[in-house]
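Participant: I'll drop the sequence and a predicted model, then ask my questions.
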2 protein chains.
Amino acid sequence: MKKIVNVAIMGIGTVGGGTYEILTNNHDFLMRTQGVDYRVTKVLDKNTDRLKMFGIPESCAASCVDEIAQDKSISIVVETMGGVEPAKTFIEKMLLAGKDVVTANKELVSKHWSALEAAARKGGAGLYFEASCVGGVPIIRALQESLQANHINSIVGIINGTTNYILTKMTEEGMSYADALKEAQQLGYAEFNPTADVEGFDAAYKLSILASLAFHTCVPYTEIYREGITKVTKADIKTGLELGYRIKLLAIGKRKGNVIEARVHPTFVPVDHPLAGVGGSFNAVYVNGDFVDDLMFYGRGAGARPTGSAIVSDVVYASKRNAPLYSDFDNSGNVAADIEVSKDFKSKYYIAVSVKDAPGVLAAVTGVFANHNVSIESVSQRAGGTGATICFLTHTASESDVNKAVGDIEALDDTNKVVSLIRVLG
Amino acid sequence: MKKIVNVAIMGIGTVGGGTYEILTNNHDFLMRTQGVDYRVTKVLDKNTDRLKMFGIPESCAASCVDEIAQDKSISIVVETMGGVEPAKTFIEKMLLAGKDVVTANKELVSKHWSALEAAARKGGAGLYFEASCVGGVPIIRALQESLQANHINSIVGIINGTTNYILTKMTEEGMSYADALKEAQQLGYAEFNPTADVEGFDAAYKLSILASLAFHTCVPYTEIYREGITKVTKADIKTGLELGYRIKLLAIGKRKGNVIEARVHPTFVPVDHPLAGVGGSFNAVYVNGDFVDDLMFYGRGAGARPTGSAIVSDVVYASKRNAPLYSDFDNSGNVAADIEVSKDFKSKYYIAVSVKDAPGVLAAVTGVFANHNVSIESVSQRAGGTGATICFLTHTASESDVNKAVGDIEALDDTNKVVSLIRVLG
């Protein structure tokens, strides 16, 4: 006799639909390979037309969330509604009712992981969220089940498909940011209001989850330095390529002793680094551990089918565990007392300064850098408009020193402004 | 109270030493993050000097294998001896005694998985072998715990570090095969007798394991087409680069319905494919699933520390399971009745033919290709020696047709021989 596991899905949009499709199309395959008969018995969505769209029988339609919470035959609930509320309330209800919850909701997990985990522990249920980070790429399972032996030193990822698509278009086809965004919106890769993606919020949510797991301590998303791609120009991309870099929106987490860095910003990636070749809507996460050294996980960061794959993987994983999996750290949602999440960090920098065409301006600017311990690796000049733009590539310097230097440079008589500041992956 | 798990290690060479180092150096870290106190209490190696080398206390030295098998306090045994015997006998003893076994031994698992699993089931123990394939890259766990939702369509890997090092040196520095091999031997990347690596046996062992897991059916290593890198020439590499390809020793497994292809051979990989950039001693596995689409797992394929990371990951994984993990297919070691492992397959081909300088030779050769349904995409000629070498790039053709064409071409009056035949990743 096969084990039967009844599953409910809350929210049947793109990803919920993909999940339903896998559990239906690959039902017999899962039964054969996993020895479990997974059945979607309830689907909750206020828009019942969507159920029809995915061929879900009317008998599966749940009239309200309590119908699922009170159904003792359901042991796993998939949440693919997105957003914070009502998803949070619904998930807590399920967890308190003892049902394992599988979610793709990065915003919710990063903002309310602590509360959700408390509900899970109280209900004796598990919370699984592989699908919340990097779509079909199994980075969470890798951190939890494959890299346990290692202190993770760093986790560096291209973890937002929308921005990677836009930056790839800008790099490979010379498009402007505005045109690339427009194309991404037309193709459905970017939302009508693209803020969450292009301003780096989505990447910061994911980094918060990944860094917390990697470093075994809370890295709240509010502590993450965040800068989006809206200010990246065609000129930056062109100069970057000339210097041997491709620009990527990177999410970077590092841990050294009890100091953690966590930041999301456009970054120059050396063209021969494996992350530089991650184009279009592909995503990748580059991990370094003290024993395993460098690893990279590459794949589709979004989409109904890859994300559905991650969700069903969690459904199977949850159904096979004899006890729920909880965080191996004090999941309070706050930075632990013995941990510092540093706002300062070291990097190489690309800095472009628009200057007036005056004698001595290069000496003045380089003098400011020197005053702040920022040492220059190379200088180039690009013409344009009135005056010129001088592009500096620095040696490794600290963020705070660079910021002070930028302030002083902008205060010089013969400079207009610092037009670009892009950190370099080193 | 922390749970205590006592571990024994059989064979304390490079990888066994790396494993001991992790369990010792990261002992407190593992206790904190995993809630388990892992203790290496017995080490078996006939060379007791090696124990000293790794700082292992004399009190841990086991005098014989039975001392470990009979020690009821030991629940997990790591096998890092390598080779088939006595490793097989020792492992079976441990499994029958109910101890979980963690091994890095690809040759043993690929040749005797069936017998080992039978012993494991009999003893109620588990057999874990993440470290047997691709060092620190967690591809086995990914197949078992992350990609369950998918029918895996293909698994294509650079899974042997030695050959990748040699081919990278030949490609990037124009070295000959013999010189690159010599350098690899001097650096310890290749053995004194390099046959297992350069002739593709090591890759075939690993592919047998990975393809069996990916396709949920036995893919015996004896069924795998295997061709090493010893015949790859500088000219092949040069022509490949001109055509936009880098040469790699690929292990390729594909499943379509009930037909499986499994082969190891030098392959032209398009330069823009993520596998083309996997250089030096790095390894990578490219997987395609019906829902997750393309994924790549990249990292260190060998070495004490990355392989040790995989072993300790298995130790932790084994110690947390409430029941052992067995194959989800009939692990008989033979091809299943309903499965065909096909020796024929389709590919694009690069074929270089040494010809005499005679009129009509190109027409004769292309005529032979046409007779065997092999259609030509491009032709180029390289000079050298007497006569010339004509290089063909075919459209997709079947292996059997190409082999027939090669036979007929070599029988022509005006040809000398087919000097290269390299399959192209399509």
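Facilitator: Noted; the coordinates are in hand.

Participant: A:F297 contacts A:L275, doesn't it?
Facilitator: No - using CB atoms under 8 Å, A:F297 is not in contact with A:L275, being 11.2 Å away. All C-beta atoms are positioned from the backbone trio N, CA, C, and that covers glycine.

Participant: residues bridging contact with those two, i.e. touching both?
Facilitator: Overlap between the contact sets of A:F297 and A:L275, as judged by CB atoms under 8 Å, 6 or more residues apart in numbering or on different chains, is given by A:A284.

Participant: Contacts only, for the closest residue to A:A358 other than its chain neighbours.
Facilitator: Excluding its sequence neighbours, the residue lying closest to A:A358 (CB to CB, 6 or more residues apart in numbering or on different chains) is A:D414, at 4.3 Å. Going by CB under 8 Å, 6+ apart, A:D414 touches A:V355, A:K356, A:A358, A:G360, A:V361, A:A364.

Participant: Between A:F297 and A:L275, tell me which one has more neighbours.
Facilitator: A:F297 (25 against 20; other CB atoms under 10 Å in any protein chain shown).

Participant: Doesn't that one lie inside a helix?
Facilitator: No - counting by DSSP: H, G, I helix; E, B strand; the rest coil, A:F297 is not found in a helix; it is strand.

Participant: what's near enough to touch it?
Facilitator: Each residue near A:F297 by CB under 8 Å, 6+ apart is listed here: A:V134, A:V137, A:P138, A:I139, A:A142, A:A284, A:V285, A:V287, B:L295, B:M296, B:F297, B:Y298.

Participant: Quick check on these: which are buried?
Facilitator: When the contacts of A:F297 are checked for burial by 16 or more other CB atoms under 10 Å in any protein chain shown, the buried set is A:V134, A:V137, A:P138, A:I139, A:A142, A:A284, A:V285, A:V287, B:L295, B:M296, B:F297, B:Y298.

Participant: what would those look like in a markdown table with distance to A:L243 and pLDDT?
Facilitator: Below are those laid out as a markdown table (distance: CB to CB, whole Å; pLDDT from 0 to 100):
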| residue | distance to A:L243 | pLDDT |
| --- | --- | --- |
| A:V134 | 28 | 96 |
| A:V137 | 29 | 97 |
| A:P138 | 34 | 98 |
| A:I139 | 30 | 98 |
| A:A142 | 33 | 98 |
| A:A284 | 22 | 98 |
| A:V285 | 25 | 98 |
| A:V287 | 26 | 98 |
| B:L295 | 31 | 98 |
| B:M296 | 27 | 98 |
| B:F297 | 30 | 98 |
| B:Y298 | 25 | 98 |
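
Participant: what does the stretch 51-200 of chain A put close to chain B?
Facilitator: A:130, A:136-138, A:141-142, A:145-151 (CB under 8 Å from any CB of the partner chain).

Participant: Any idea which helix or strand in chain A has the lowest mean pLDDT?
Facilitator: strand A:376-383 (a mean of 88; mean pLDDT, DSSP states H and E).

Participant: Next, the residues that contact the helix or strand following it from outside, please.
Facilitator: For strand A:376-383, the succeeding helix or strand toward the C-terminus, using DSSP states H and E, is strand A:388-394. Contact with strand A:388-394 is made by A:235, A:239, A:243, A:348-355, A:357, A:361-362, A:365, A:369, A:374-383, A:402, A:419-420, A:424, as judged by CB under 8 Å, 6+ apart.

Participant: Can you give the distance of whichever helix or strand comes after strand A:388-394 from its chain's centre?
Facilitator: Scanning forward in sequence from strand A:388-394 by DSSP H and E, the next helix or strand is strand A:397-398. How far strand A:397-398 lies from its chain's middle: 25 Å, per CA atoms, centre = their mean, to the nearest Å.
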